[in-house]
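S.K.: Need coordinates for the below:
(chains A and B)
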Amino acid sequence: MDGLHHLKDKVAVIGVGNTAYGSFPDVDEYGLASQAFRSAVAESGIDKNEIDGLLVCRIPYYARMGEVLGIDPRWTMTMPPHGRMSGMGIIEAVLALATGQAKYVALLYANIGRSRRVNYGGDESPSVWDSFGFTSPGAAHAMMFRRHMELYGTTTRQLAEVPVAFRYHAGLNPGAVMKKPFTIDDHESARPIVAPLRLLDYCLINDGAVCLILTTADRARDAKQKPVHISGFGGRDSFKQSAIANFNFNFWNDEVQDAGRQAYEMAGVSHADIDALMCYDNFSPTVLFSLEGLGFCPRGEAGRFVEGGTLRLGGKLPTNTDGGHLSNSYMQGWALNVEAVRQLRGDCGDRQVPDVEVVQYVQATPCSRSIIYTRR
Amino acid sequence: MNTPTGYSKPLPRLDPLFRPFWEHAQAGRLVVQTCDSCGDRHFPPSPICPVCNSDGQSWTPVSGRGTLESWIAFHRAYWSGFQPDLPYDVCLVRLAEGPLLVSNLLGGTEGAKLGAAVEVVFDHVTDTITLPKWKLIRPT
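M.R.: Now for the predicted structure:
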């Protein structure tokens, strides 16, 4: 996405909202998304009828969503329920706003996987490898982490630093699903799911919904909330080995590096400027891969980099201050982007990063993306 | 997914694209798709060559040798047929000819390390299906 530098700070987030997170068997995606939408609209201060752009993700039918909300947009986009669409969706919304296709875009995400007992493996996601019993995104990440252990000597105790830090953050977040702190030793003795990964390396599965409202920077000046600007973004996909789903032989290192470089260059910032990182954490190894890809540490060094609380509030690089997917809520990246906005507004209470000016979002996935948010 | 033989694990789908792979496996041959134009060898099969996008492709035998690129142990059964096998080992193998395959590692993981030599073992799981699996080549 080089050549988009003129879009720096041209779009801002003026409203965010989310439901409670948990198990809600009596509500569907539309019901949950509506709640998040109402919160986001209310805090933005705009009239919902001004919203003329709609992006939905993991919501079955965009038109039903528009019917429920009572809006007839000029621009609509629907995205599949894959855990990599938040970064892609937000970037698409920026482009729609920057090109005048819409004035206000509402991005909606809902997940009812908990109450409907989604497994994320087996017959739900058939693949070439089923007859060998190889299934689930967790297994693909276990496969990558074993390689990382072998190549670089990374240990499971180093890996534990990731979920331990995020659980600590969740304890400071009243809305988080899992708040009880645990130690590295607890991580080491947790039940293995697909070894070398254990239960505490796996993200939650919970119901909930998230909404973000974006508009152009000039319109954002009149918004009720202090606008948070989208200052940079970048992306790179990796599809050539998609037969092994959610897997990359080199940990998406090249792709995250490329996405990060585009985002840093567009925003005009570098690693030292990043006050907090929001890092897609479907499984704890993804965070190590992201740190190496972005260049916060050299390749292969992420295990050592995270030792001693680097990712905790007060550490060198506070990461996933809401608790992330591992402990706050599995909103597939959407809630992490909301947390970036709330940090920059100073709305985070006990988990607030002091003097925060620049927050980066990253997703190391088959569609790697990074977005840099700033306050002006 | 019970079969007349009582085999209760998922079986491969024999769609037109994949069928030759499983027919060759049944005959004790490990094959990959090879492009008639550029020679690229790939698995899984593809309707056109992913490198040069031409149509002509043939199934060609490979050596049955490769290197271990990763291994994991399932402690959870996503299909009930795997429950009695827990924990079971899954491996990632790079064929000597290039393509990456996922399969089962038989004979345990003792001595497993990145790049370790492995060889194919044909596991006749039903009358019609043979799964190519792998074992570490250990010094005798």
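
S.K.: Okay, the residue most central in space within chain A and A:Cys57: tell me how far apart.
M.R.: Most central in chain A under CA atoms, centre = their mean is A:Gly333, positioned 2.0 Å from the mean C-alpha point. The gap separating A:Gly333 from A:Cys57 is 9 Å, by CB to CB, to the nearest Å. In short, each C-beta sits where N, CA and C put it, glycine included.

S.K.: pretty sure A:Tyr330 contacts A:Asp207?
M.R.: No - here A:Tyr330 lies out of contact with A:Asp207, judged by CB atoms under 8 Å, at a distance of 9.2 Å.

S.K.: Overlap of the contact sets of the two?
M.R.: Residues touching both A:Tyr330 and A:Asp207 (CB atoms under 8 Å, 6 or more residues apart in numbering or on different chains) are A:111, A:113.

S.K.: Quick one: neighbours of A:Asn246, just the number.
M.R.: By the measure other CB atoms under 10 Å in any protein chain shown, the count of residues near A:Asn246 is 23.

S.K.: Close to chain B: what parts of the stretch 101-250 of chain A are there?
M.R.: Counting by CB under 8 Å from any CB of the partner chain, the residues of the stretch 101-250 of chain A close to chain B are A:119, A:121-123, A:126, A:128-136, A:139, A:142-144, A:146-147, A:150-151, A:191-196, A:240-241, A:243-244, A:249.

S.K.: tell me the contacts of A:Thr365?
M.R.: The contact partners of A:Thr365, by CB under 8 Å, 6+ apart, come to A:83-84, A:246, A:252, A:280, A:282, A:286.

S.K.: before we move on, what about A:Gly171?
M.R.: With contacts defined as CB under 8 Å, 6+ apart, A:Gly171 is in contact with A:179-181, A:323.

S.K.: Show the pLDDT at it.
M.R.: In this model, A:Gly171 is scored at 98, pLDDT.

S.K.: now B:Pro4
M.R.: pLDDT for B:Pro4: 54.

S.K.: For the residue nearest to the centre of chain A, report the pLDDT, please.
M.R.: pLDDT, read off for A:Gly333, is 98.

S.K.: was I right about it contacting A:His82?
M.R.: No - using CB under 8 Å, A:Gly333 is not in contact with A:His82, being 10.1 Å away.

S.K.: related to what we said a few turns ago, list buried residues within the contacts of A:Gly171.
M.R.: For the contacts of A:Gly171, a burial check counting by 16 or more other CB atoms under 10 Å in any protein chain shown picks out A:179, A:323.

S.K.: Using a markdown table, please lay out the contacts of A:Gly171 together with distance to A:Leu69 and secondary structure.
M.R.: Shown next, in a markdown table, are those (distance: CB to CB, whole Å; DSSP: H, G, I helix; E, B strand; the rest coil):
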| residue | distance to A:Leu69 | secondary structure |
| --- | --- | --- |
| A:Lys179 | 32 | coil |
| A:Lys180 | 37 | coil |
| A:Pro181 | 39 | coil |
| A:Gly323 | 29 | coil |
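
S.K.: tell me which element the residue nearest to A:Ser44 when sequence neighbours are not counted falls in.
M.R.: Sequence neighbours aside, A:Gly15 is the residue nearest to A:Ser44 in space, at 3.0 Å (criterion: CB to CB, 6 or more residues apart in numbering or on different chains). Here A:Gly15, judged by DSSP states H and E, is contained in strand A:11-18.

S.K.: List the contacts of stretch A:114-121.
M.R.: A:22-25, A:113, A:124, A:135-139, A:205-207, B:78.

S.K.: Out of the residues you listed, name the ones that lie in helices.
M.R.: Mapping those onto helices (DSSP state H) picks out A:137-139.

S.K.: Highest neighbour count among those?
M.R.: Comparing the ones in helices among the contacts of stretch A:114-121 by number of neighbours (other CB under 10 Å), A:Ala139 comes first, having 28 neighbours.

S.K.: Tell me how far it lies from B:Ile48.
M.R.: From A:Ala139 over to B:Ile48 (counting by CB to CB), the distance is 29 Å.

S.K.: what's the answer for A:Val362, then?
M.R.: For A:Val362, the distance to B:Ile48 (CB to CB) stands at 34 Å.

S.K.: Could you do A:Leu326 as well?
M.R.: For A:Leu326, the distance to B:Ile48 equals 40 Å [CB to CB].

S.K.: Tell me which helix or strand comes right after the helix or strand B:Gly66 falls within.
M.R.: For B:Gly66, the host element (DSSP H and E) is strand B:65-74. Downstream of strand B:65-74, the first helix or strand assigned by DSSP H and E is strand B:88-95.

S.K.: helices or strands next to the helix or strand following that next one in the packing?
M.R.: Later in the chain than strand B:88-95, the nearest helix or strand by DSSP H and E is strand B:100-106. Counting contacts by 3 or more CB pairs under 8 Å, 6 or more residues apart in numbering or on different chains; DSSP states H and E, strand B:100-106 packs against strand B:65-74, strand B:88-95, strand B:117-124, strand B:130-136.

S.K.: Now the buried members of the contacts of stretch A:114-121.
M.R.: For the contacts of stretch A:114-121, a burial check counting by 16+ other CB under 10 Å picks out A:24, A:113, A:135-139, A:205-207, B:78.

S.K.: Selecting buried members of the residues of the stretch 101-250 of chain A next to chain B in ChimeraX, what would you type?
M.R.: Filtering those down to the buried ones (16+ other CB under 10 Å) takes a single ChimeraX command:
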select /A:121,122,128,129,130,131,132,133,134,135,136,139,142,143,144,146,147,150,192,193,194,195,196,243,244,249
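
S.K.: buried stuff in the strand holding A:Gly15?
M.R.: Buried-residue list, strand A:11-18, by 16+ other CB under 10 Å: A:11-18.

S.K.: Secondary structure of B:Ala25: a strand, I assume?
M.R.: No - judged by DSSP: H, G, I helix; E, B strand; the rest coil, B:Ala25 forms no part of a strand; its state is helix.

S.K.: Correct me if wrong: it contacts B:Leu131.
M.R.: Yes - using CB under 8 Å, B:Ala25 is in contact with B:Leu131, at 7.1 Å.

S.K.: Quick check: neighbours shared by those two?
M.R.: Shared contacts of B:Ala25 and B:Leu131 (CB under 8 Å, 6+ apart): B:Phe122.

S.K.: Quick check: which ranges of the stretch 1-150 of chain A have low pLDDT?
M.R.: Where the stretch 1-150 of chain A drops to pLDDT under 70, the residues are A:1-2.

S.K.: Assign the nearest residue to A:Gly293 once chain neighbours are set aside to helix, strand or coil.
M.R.: Spatial nearest neighbour of A:Gly293, excluding adjacent residues (CB to CB, 6+ apart): A:Val256 at 2.6 Å. Reducing the assignment at A:Val256 to three states with three-state DSSP gives helix.

S.K.: Report how many residues lie close to A:Val256.
M.R.: A:Val256: 30 surrounding residues under other CB under 10 Å.

S.K.: any idea how chain B splits into domains?
M.R.: B:14-61, B:63-140 (automatic domain parsing).

S.K.: between the ones you listed, which one is nearest to A:Ile51?
M.R.: A:Ile51 sits nearest to domain B:63-140 of all the domains of chain B, at 40.6 Å, using CB to CB.

S.K.: Quick one: end-to-end length of the closest one, please.
M.R.: For domain B:63-140, the first-to-last residue distance is 21 Å (CA to CA, to the nearest Å).

S.K.: Just give me how far it sits from the chain centre.
M.R.: Distance of domain B:63-140 from its chain centroid, counting by CA atoms, centre = their mean, to the nearest Å, is 8 Å.

S.K.: avg pLDDT for that domain?
M.R.: Average pLDDT, domain B:63-140: 97.

S.K.: Do a quick rundown of the helices in chain A.
M.R.: Assigned by DSSP H, the helices in chain A fall at A:29-44, A:62-69, A:85-98, A:137-152, A:156-170, A:184-189, A:217-220, A:253-267, A:284-294, A:302-306, A:324-327, A:334-345.
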